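Engineer: could you look at this predicted model? Sequence included:
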Amino acid sequence: MNPRLLFIDDEPENVEFVARTLRDALDADVRVVTTVAAAVEALHEVRYDLVVTDVFIPVHSVPESQLGPRARRKTEHIEHLGGLVLLDEIDRLTDPPLLLAHTACVDPVLIELLGERVVERVRKPAPTEVLLDAVLRVLREASRQA
């Protein structure tokens, strides 16, 4: 079965080449979304094998009652930390995907909040081949463990 990937980045040009390459080379089912709301919707439509997400994604409006534990810890900054809202939502899934963080985040507290669910992290701005290599590495490792 071909891998199913979801890329979340509010600047889609950061991931479009990698997404296109994966579609062409692996015949992967790749979706690129630009908002947390679209990502949450996509996660509930189908099961993804891998989610590649930025951490610094704007959140336009999320009621505090819907915030998970990561997002609640950073509510004063949550309008810019949509990746934490997304990670909390992924934790609610029955069969969560693997996660790769593609982010400029270097704050140790935020990196700790990403948790064990994030299996790889690629620092932005990364050359396209670095991101592509990381995605392929995660997919290879997942297929070995399956």
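Structural biologist: Alright, I've got the coordinates.
Engineer: what about the strands in the protein?
Structural biologist: Assigned by DSSP state E, the strands in the chain fall at 4-8, 29-33, 50-53, 98-103, 118-123.
Engineer: just the CA atoms of the fourth one, as PDB, please.
Structural biologist: What follows is the C-alpha trace of strand 98-103 in PDB, where atoms were taken according to Å, rounded to 0.1, in the frame of the first residue of the first chain:
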ATOM      1  CA  LEU A  98       3.900   9.200  13.000                       C
ATOM      2  CA  LEU A  99       5.000  12.800  13.200                       C
ATOM      3  CA  LEU A 100       7.800  14.800  11.800                       C
ATOM      4  CA  ALA A 101       8.200  18.400  13.000                       C
ATOM      5  CA  HIS A 102       9.400  20.700  10.300                       C
ATOM      6  CA  THR A 103      10.000  23.800  12.300                       C
END
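Engineer: that strand pairs with which strands?
Structural biologist: strand 50-53 (parallel), strand 118-123 (parallel) (DSSP bridges).
Engineer: adding mean pLDDT, write those out as a markdown table.
Structural biologist: Below are the strands paired with strand 98-103 laid out as a markdown table (pLDDT from 0 to 100):
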| stretch | mean pLDDT |
| --- | --- |
| strand 50-53 | 93 |
| strand 118-123 | 90 |
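Engineer: can you pull the phi/psi pair for the nearest residue to Thr103 once chain neighbours are set aside?
Structural biologist: Counting by CB to CB, 6 or more residues apart in numbering, the nearest residue to Thr103 once its immediate chain neighbours are dropped is Val55, at 4.2 Å. C-beta: built from backbone N, CA, C; applies to glycine. As for Val55, its main-chain torsions (degrees, to the nearest 10) stand at phi -100, psi -40.
Engineer: show the pLDDT at Val55.
Structural biologist: On pLDDT, Val55 comes in at 79.
Engineer: I'd like the distance between it and Ile111.
Structural biologist: Separation of Val55 from Ile111 (CB to CB, to the nearest Å): 9 Å.
Engineer: more crowded one of those two?
Structural biologist: Taking neighbours as other CB atoms under 10 Å, Val55 and Ile111 compare with Val55 leading, 25 against 15.
Engineer: ok, that one touching Leu100?
Structural biologist: No: under the criterion of CB atoms under 8 Å, Val55 is not in contact with Leu100, lying 11.5 Å apart.
Engineer: name the spans of this structure whose pLDDT lies under the cut-off.
Structural biologist: By pLDDT under 70, the weakly predicted segments of the chain are 1, 60-81, 109-110, 146.
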